[in-house]
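Student: Provided below for reference: sequence and predicted model.
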Amino acid sequence: MASDSFRDSGFTRGDGPVRTAASEDSAEGPAAPVEAAPWRRISLWRSFAYLMIPVAILSLISGSLAFATQWAPPEHVETARFWFYFFDVGREINVPTWFSAGLWITAGLLAGYFARRASRHRRSWALFAVVCIVFSIDETLELHERLDVIGNELARYLPVQLGFTWVLPGVLIAGLIVLSLLRMVLALPAMPRAALLTAGVFFVGGGVGVETLSGLFLEGEALPWQFFLLTLIEESLEMAGTALAVAALAHLVAYRHSADGSTAFLVADRALPEAGAGSGR
């Protein structure tokens, strides 16, 4: 069982752990064999908690500054607007955008690594990596809003008027991505599978669902407080969903330490190689 797991994961017994300390034979003779620790996964919840700290901070700063631009005393409004430009989660090319793009790039790098070392569905992992990199570019260049050319045509057949028509082709594209990756995700162990599915619900629910609602509050040039609130919720859900996806991908990496100070890593997209190994939850 253990040997099959090593073979499936792209590792063999001969690969050995990555050395972090010398373990040469001493002058007195060969060293006694040491037993390696059990395989453990990188903690999903600890990784997610760490990533949610900047998410919470950026959302809090953005919300506070949005509130200040609406209700601050007149002498402080311009100052609030100046800083809001740098922390507005609904705007591109600022601090939240940089953070979100970084999350997507991290997810893309992990998925690209899995495309080389995973035991199965490597093409799906490669597609996932491409999707993540495209989304990182979209965070900066607002590519999705260019879909309103198609969305405006589709919106003509709807009984209601949408503020953001790009969500119509956006839903179709999201559906195609989900269908393309669903088999791979469902084949993962239970915990990362549930985390990735939940991350997808957060991201699509925020990016499509909440943004559709916020578009209903657009009133010409005016942007009411409901629009700012819904935009804050939307972007916070997107960042939280992306952070959860990164944590789920990190959870698919297993590691173990040996008594001689060496460390080994592998892609654990199936059960851990050794029975009884800790899950690192």
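Tutor: Cool, the structure landed.
Student: Where does pLDDT dip in the stretch 51-200 of the chain?
Tutor: Within the stretch 51-200 of the chain, no range satisfies pLDDT under 70.
Student: can you pull out the helices in it?
Tutor: Counting by DSSP state H, counting those that start in this stretch, one finds helices in the stretch 51-200 of the chain at the ranges 74-87, 95-117, 122-141, 148-155, 167-186, 190-204.
Student: any chance of these in a markdown table, plus mean neighbour count and distance to residue 211?
Tutor: Every residue, glycine included, has its C-beta placed from N, CA and C. Output for the helices of the stretch 51-200 of the chain, formatted as a markdown table (neighbours: other CB atoms under 10 Å; distance: least, CB to CB, whole Å):
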| stretch | mean neighbour count | distance to residue 211 |
| --- | --- | --- |
| helix 74-87 | 13 | 19 |
| helix 95-117 | 19 | 14 |
| helix 122-141 | 18 | 13 |
| helix 148-155 | 16 | 12 |
| helix 167-186 | 15 | 6 |
| helix 190-204 | 18 | 10 |
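Student: So for residue 49, which of the ones you listed sits nearest?
Tutor: Residue 49 sits nearest to helix 190-204 of all these, at 12.9 Å, using CB to CB.
Student: Which strands or helices does the helix or strand following the closest one pack on?
Tutor: Going down the chain from helix 190-204, the next helix or strand is helix 211-215, by DSSP states H and E. Packed against helix 211-215 by the contact rule (3 or more CB pairs under 8 Å, 6 or more residues apart in numbering; DSSP states H and E) you find helix 167-186, helix 225-250.
Student: okay, the angle between the last one and helix 122-141?
Tutor: To tie it back to what came earlier, the one meant is helix 225-250. Using axes from the mean of the first three to the mean of the last three CA atoms, to 10 degrees, the direction of helix 225-250 lies 150 degrees away from that of helix 122-141.
Student: Could you tell me how far helix 225-250 lies from the centre of the chain?
Tutor: 10 Å (CA atoms, centre = their mean, to the nearest Å).
Student: helices or strands up against it?
Tutor: Using 3+ CB pairs under 8 Å, 6+ apart: helix 225-250 touches helix 44-71, helix 95-117, helix 190-204, helix 211-215.
Student: In a markdown table, list those along with distance to residue 272.
Tutor: Shown next, in a markdown table, are the helices and strands packed on helix 225-250 (distance: least, CB to CB, whole Å):
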| stretch | distance to residue 272 |
| --- | --- |
| helix 44-71 | 14 |
| helix 95-117 | 15 |
| helix 190-204 | 12 |
| helix 211-215 | 40 |
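Student: so which of the helices and strands packed on helix 211-215 comes closest to residue 71?
Tutor: Among the helices and strands packed on helix 211-215, the nearest to residue 71 by CB to CB is helix 225-250 (8.6 Å).
Student: and the angle from that closest one to helix 74-87?
Tutor: Helix 225-250 and helix 74-87 are oriented at 30 degrees to each other (the same axes, to 10 degrees).
Student: Quick check: buried residues in helix 225-250?
Tutor: Applying a neighbour-count criterion of 16 or more other CB atoms under 10 Å, one finds 227-250 buried in helix 225-250.
Student: Show the contacting residues for the closest residue to residue 253 other than its chain neighbours.
Tutor: Excluding its sequence neighbours, the residue lying closest to residue 253 (CB to CB, 6 or more residues apart in numbering) is residue 42, at 5.2 Å. Shown in contact with residue 42 (CB atoms under 8 Å, 6 or more residues apart in numbering): 250, 251, 253, 254, 255, 280.
Student: Please apply the same query to residue 189.
Tutor: Residue 189 makes contact with 252, 268, 269, 270, 271 under the criterion CB under 8 Å, 6+ apart.
Student: quick check, nearest of the residues you listed to residue 199?
Tutor: The closest of the contacts of residue 189, once distances to residue 199 are taken by CB to CB, is residue 252, at 13.3 Å.
Student: correct me, but that closest one touches residue 270?
Tutor: No: applying CB atoms under 8 Å, one finds residue 252 not in contact with residue 270, separated by 9.7 Å.
Student: re earlier: for residue 126, find the nearest of the helices and strands packed on helix 225-250.
Tutor: Ranking the helices and strands packed on helix 225-250 by distance to residue 126, with CB to CB as the measure, places helix 95-117 first at 4.0 Å.
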